[in-house]
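Enquirer: how would this look folded up:
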Amino acid sequence: MTIILYATRVSAAGGRKGRIHSADGILDLQLAIPKELGGMGGATNPEQLFAGGYAACFENALLRVGRQSGHRFADGDVEVIAEIGLSRNEAGAFVLHAALAVTIASVDQGTAETLVRGADDICPYSNAIRGNVEVAISVAVR
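Expert: Take a look at the predicted model:
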């Protein structure tokens, strides 16, 4: 039996040109089709929302893995940039692809790569899309 630790509910009306609204009222956003896809732009879109969620979730997983291995990072020591792309497969269906650019301060390259692999193992977003979405992860130290 799976124990749900947290659940949220968001409704959408109007598709990519509509609005999303969370049941608790905290999230209430207008959506727009990006100019690159022929839309007007000027508002967020599902890919931006996914990228923001993935970046935040992955960074939190990385901070947790770091703590578990004895590394305490200060604010600003870790940066995760997520890029979500939309393309078509051979059958013409829309598919997502993702890239994560991770930068970590105060550790060597090998340690950074080990921490990122650990974060990828526990991040709910990574686990949700593994095997379904192509994800490229780059790791840099500063």
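Enquirer: tell me how far the ends of stretch 33-43 are from each other?
Expert: This stretch, stretch 33-43, spans 8 Å end to end (Cα to Cα, to the nearest Å).
Enquirer: pull out the buried residues from it.
Expert: Applying a neighbour-count criterion of 16 or more other Cβ atoms under 10 Å, the buried positions in stretch 33-43 are 33, 34, 43. C-beta here means a position set from N, CA and C on the backbone, and glycine is covered the same way.
Enquirer: could you report the separation of residue 65 from residue 75?
Expert: Distance, residue 65 to residue 75, using Cβ to Cβ, to the nearest Å: 17 Å.
Enquirer: avg pLDDT for stretch 79-91?
Expert: The pLDDT scores in stretch 79-91 average 97.
Enquirer: can you show me the CA trace of that stretch as CSV?
Expert: Once non-C-alpha atoms are left out, stretch 79-91 reads as follows in CSV (Å, rounded to 0.1, in the frame of the first residue of the first chain):
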residue,chain,number,x,y,z
GLU,A,79,22.1,26.1,-8.8
VAL,A,80,19.8,23.9,-11.0
ILE,A,81,18.6,25.1,-14.3
ALA,A,82,16.0,23.0,-16.0
GLU,A,83,15.2,23.2,-19.7
ILE,A,84,12.1,21.5,-21.0
GLY,A,85,11.6,21.2,-24.7
LEU,A,86,8.7,20.2,-26.8
SER,A,87,9.2,18.3,-30.1
ARG,A,88,7.6,15.7,-32.2
ASN,A,89,8.5,12.0,-32.5
GLU,A,90,8.5,9.9,-35.7
ALA,A,91,4.8,9.3,-35.4
